[in-house]
Each structure stands twice: as structure tokens, then as C-alpha cells.
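[1] What shape does this take:
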Amino acid sequence: MNRLIAEVISSGKMTFRSKIAVFFTLIFPVLLILLFGAIFSGQGSSAITLQVQNLDEGPLSEDLINILNATKIVKVEYIPSSENITEYIQNHSLYVALKIPEGFTNDVQQLLNDPNITFPIGLTIYGDPSNQGFMTSQAAVNNAITYLNYNLSGAFPLISVITSTVTLEELEFIDFFLPGIIGFTIMTSGLFGMTSQCAEYRSRGFFKLLATTTLTKWEWLISMFIINTLIVTVSLLLMVIAGILAFNITVTLTLLTFVFVMIGVLLFTGMGMLIGTVIKDPESGTALANAIGFPMMFLSGVFFPIESFPSYLQTVADFLPLTYLANGLRDTMIFGNTTGALSNLFILSVLAVIFVILGSKLMSWKEK
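    Numbering: from 1, shown residues only. You can find the predicted model right below:
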């Protein structure tokens with residue numbers, strides 16, 4: 001019995017000396033519970049953003065907007081009145097928007113005062129009826145209009161809703177999923193690969209050897225960037241081909257797609273190099289990269305739309321680089337939204353410069 005107990009204690013110590021084992025045995029399951037629990041528990045779920053173009057200057061349109069906000073189902077944001085709403089929807093990759101027509105208040109008042117008018121005043125809700133967010137927003141609008149109709153006339157439907165379908169293409173979940181997985185692949189290649197390599201080079205003294213050569217840190221970093229870019233590009237092409245052959249996915253490989261690949265690889269390579277400045281061994285590096293990478297993977301909209309997250313998780317997602325990479329890839333590959341893609345690319349480029357400069361400056365090849 002004593003030998004058995006001694007062996008159990010010995011095996012336990014050996015197992016938990018491994019930081020990777022500790023992470024995947026103790027920390028990772030807790031992360032999954034917390035992340036998926038927060039996403040799907042339904043507690044603290046946030047309102048869906050409903051973009052509204054209000055062309056009316058009367059009080060009735062404001063009453064309608066106040067009722068919509070009071071439902072807590074949607075949160076109204078405004079589309080400028082100067083915009084063409086269908087172009088705005090496509091340029092901003094929106095799945096739902098509401099248009100309140102010019103003269104809405106006056107038309108309703110005229111309808112109330114003239115019993116000979118029998119047709120209701122129409123509001124138009126635009127978007128993709130196959131999207132869950134569209135259906136939820138439409139239900140909120142219908143409920144708000146029913147409430148408003150009842151307050152105005154008691155029973156007669158003064159206001160109605162007209163549905164106008166605005167979609168770029170009929171998209172499936174795989175079309176949403178593929179760009180996110182490409183972004184995830186870019187992250188793992190740079191973050192996990194670079195962190196592990198820095199840790200191994202440091203523990204084996206390779207950095208000291210490199211310091212004795214004419215190779216500079218910038219040249220070494222560029223070589224890592226080139227090889228990771230080539231690997232990710234091949235992976236991207238294989239994923240797209242597999243998706244087309246197996247699922248008939250609808251994606252477009254644009255020049256911006258490959259620019260996103262390069263900037264994404266540069267960003268996460270720099271992030272991996274920065275993490276490499278604080279770790280001493282490969283296991284610590286892998287554990288730390290996992291602790292950073294896995295929450296980012298689940299909270300950046302790779303697998304689930306960020307709009308479905310509780311509001312506090314949406315705020316967290318706004319600070320994660322992978323969010324802008326996944327959104328930018330979807331904008332250029334799925335929606336054809338060049339404006340949105342360039343906005344995401346700008347943020348990624350700024351972050352890439354910051355991480356690369358910090359990583360290269362803080363890492364020393366000569367430290368013991």
C-alpha cells in the first residue's frame with residue numbers, strides 16, 4: 001500500500017510539473033465553462049442593434065423609437081438621412097434596418113382625421129429574412145407598432161410594416177464560418193508558433209548563437225513572417241478549395257484577402273515574439289499562448305456572431321485583434337464590403353506595428 005501511495009504521489013508530481021498538462025487539465029475546462037456559459041446562458045443578453053433611418057421630423061417617429069428602445073429587445077442606432085438606405089446596408093454589412101418615411105407623423109394624423117382613408121401608413125424593414133437577428137428585430141418592430149396603433153386608434157391598424165429583402169447573396173453558416181477559421185489559423189500560426197519557437201530558442205541557447213552571427217533581429221523576424229505567410233496562404237487556399245468542393249461555399253478571394261493574411265501574420269508573429277520576452281521554457285510559452293489564444297478564439301466571432309453575445313462580452317471582443325481580422329476577412333470575402341474591410345485593416349495594421357516594435361525591442365538575444 002505504501003508503495004502504491006508513493007507511486008501515485010510521484011506520478012502526480014510528474015504530471016503537474018508540466019505546465020501544459022496543468023492548463024489543459026485544470027484551466028482549459030474552466031475557461032470553456034465560463035466562456036460558453038456566458039455566451040449561451042441567456043443571462044445578461046444584450047439588445048440587438050437596430051439601425052433606423054428616421055426621415056420624419058414629427059413627434060410620432062420619436063415615440064416609435066422610444067417604444068422600440070423600451071422593449072429591451074433592440075437598441076436603436078441612426079442611419080444618416082442623407083444616405084441611400086439599401087446602399088448603406090450593403091456597405092456596412094447590415095442584416096436589418098428600419099426606414100421611417102418622410103412625413104410619417106403628418107400622414108398618421110391625416111389618417112386619424114379622415115375616416116375615408118382606409119390604407120395604413122407603411123414603415124419598411126430591410127434586411128435578410130433568413131437571419132435570426134432580422135426576425136427578432138422584426139418581431140420587436142411589429143410589437144412596437146401594435147402598441148402604437150392601440151394607443152392612437154384603439155384597434156384600427158394605422159401603421160403597418162413592409163418587408164424589403166436586401167442581401168448580397170444567400171449565405172449559409174459555412175460562408176460565415178470559413179473566414180473566421182482562416183483568421184483563427186493565422187492567429188495560431190503566428191501566436192502559438194512564434195511563442196513556442198522563442199521559448200525553445202531561448203532554452204537551448206540558440207538566440208546566443210544567433211547573436212554571434214551577422215543576422216539581425218529584424219531579419220530573423222522577417223524570415224519568420226515570410227515562412228508563416230507562405231504556410232497560411234497555402235492553408236487558406238486548401239480551406240477554400242475544400243469548402244467549395246464539399247459545401248459549395250460562396251466566397252471571393254480578393255487582393256484584400258491576401259493583404260489581411262500578411263497583416264494578420266505580422267500582428268500575431270509580433271505578439272508571439274512579445275510573449276517570448278517573458279517566458280523561459282517551451283512549456284511555459286505554450287501554456288501562456290493557450291491562455292491568451294483560446295479565449296480570443298471563442299470571443300472574436302470565429303464560431304458565433306458577436307451580436308449574439310451579452311453586451312459585456314461584445315465590449316471584450318472590441319479589444320481583441322482576432323475580432324478585426326475575422327470581420328475584415330468576412331467583409332472582403334463574403335459581403336464585398338470594401339469600406340468595412342479597410343476600416344478593420346487599418347486597426348490591424350496599427351496593432352501589428354505596435355506588437356512588432358515592442359516584441360523586437362524587448363527581446364534580447366544575449367540574456368542568460
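
[2] so where is the stretch 1-150 of the chain shaky, pLDDT-wise?
    Scanning the stretch 1-150 of the chain for pLDDT under 70 picks out the ranges 1-46, 114-120, 130-132.

[3] Next secondary structure after the strand or helix carrying residue 266?
    Secondary structure assignment for residue 266, by DSSP states H and E: helix 255-275. Using DSSP H and E, the helix or strand that directly follows helix 255-275 along the chain is helix 282-299.

[4] Give the buried residues for that next one.
    282-290, 292-299 (16 or more other C-beta atoms under 10 Å). C-beta coordinates here come from the backbone N, C-alpha and C atoms, glycine included.

[5] Counting by contacts, list what the helix holding residue 266 packs against.
    The helices and strands touching helix 255-275, judged by 3 or more C-beta pairs under 8 Å, 6 or more residues apart in numbering; DSSP states H and E, are helix 173-187, helix 193-203, helix 217-247, helix 282-299, helix 321-330, helix 338-362.

[6] Report the distance from it to the chain centre.
    16 Å (C-alpha atoms, centre = their mean, to the nearest Å).

[7] ok but residue 160 is inside a strand, no?
    Yes. Under the criterion used here (DSSP: H, G, I helix; E, B strand; the rest coil), residue 160 sits inside a strand.

[8] mind checking how far it is from residue 266?
    Separation of residue 160 from residue 266 (C-beta to C-beta, to the nearest Å): 52 Å.

[9] So between the two, which is more surrounded?
    residue 266 (25 against 13; other C-beta atoms under 10 Å).

[10] Report whether the expected contact of the more buried one with residue 359 is present.
    No. The criterion here is C-beta atoms under 8 Å, and residue 266 misses it with residue 359 at 10.6 Å.

[11] most packed of the helices and strands packed on helix 255-275?
    Comparing the helices and strands packed on helix 255-275 by mean neighbour count (mean count of other C-beta atoms under 10 Å), helix 321-330 ranks first with a mean of 26.

[12] Point out the other helices and strands that it packs with.
    Using 3+ C-beta pairs under 8 Å, 6+ apart, helix 321-330 sits against helix 173-187, helix 255-275, helix 282-299, helix 338-362.

[13] State the mean pLDDT of the helix holding residue 266.
    Taken as a whole, helix 255-275 has an average pLDDT of 91.

[14] send the alpha carbons of it over as PDB?
    Output in PDB follows, covering the C-alpha atoms of helix 255-275 (Å, rounded to 0.1, in the frame of the first residue of the first chain):
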ATOM      1  CA  LEU A 255      -6.400  41.200 -53.200                       C
ATOM      2  CA  LEU A 256      -7.500  42.500 -49.700                       C
ATOM      3  CA  THR A 257      -7.900  38.900 -48.600                       C
ATOM      4  CA  PHE A 258      -4.100  38.300 -49.000                       C
ATOM      5  CA  VAL A 259      -3.300  41.700 -47.500                       C
ATOM      6  CA  PHE A 260      -5.300  40.600 -44.400                       C
ATOM      7  CA  VAL A 261      -3.300  37.400 -44.300                       C
ATOM      8  CA  MET A 262       0.000  39.300 -44.400                       C
ATOM      9  CA  ILE A 263      -1.000  41.900 -41.800                       C
ATOM     10  CA  GLY A 264      -2.600  39.200 -39.600                       C
ATOM     11  CA  VAL A 265       0.600  37.100 -39.700                       C
ATOM     12  CA  LEU A 266       2.700  40.100 -38.900                       C
ATOM     13  CA  LEU A 267       0.500  41.100 -36.000                       C
ATOM     14  CA  PHE A 268       0.400  37.600 -34.300                       C
ATOM     15  CA  THR A 269       4.000  37.000 -35.100                       C
ATOM     16  CA  GLY A 270       4.900  40.200 -33.200                       C
ATOM     17  CA  MET A 271       2.500  39.200 -30.400                       C
ATOM     18  CA  GLY A 272       4.200  35.800 -30.100                       C
ATOM     19  CA  MET A 273       7.600  37.400 -30.100                       C
ATOM     20  CA  LEU A 274       6.400  39.800 -27.300                       C
ATOM     21  CA  ILE A 275       5.200  36.900 -25.200                       C
END
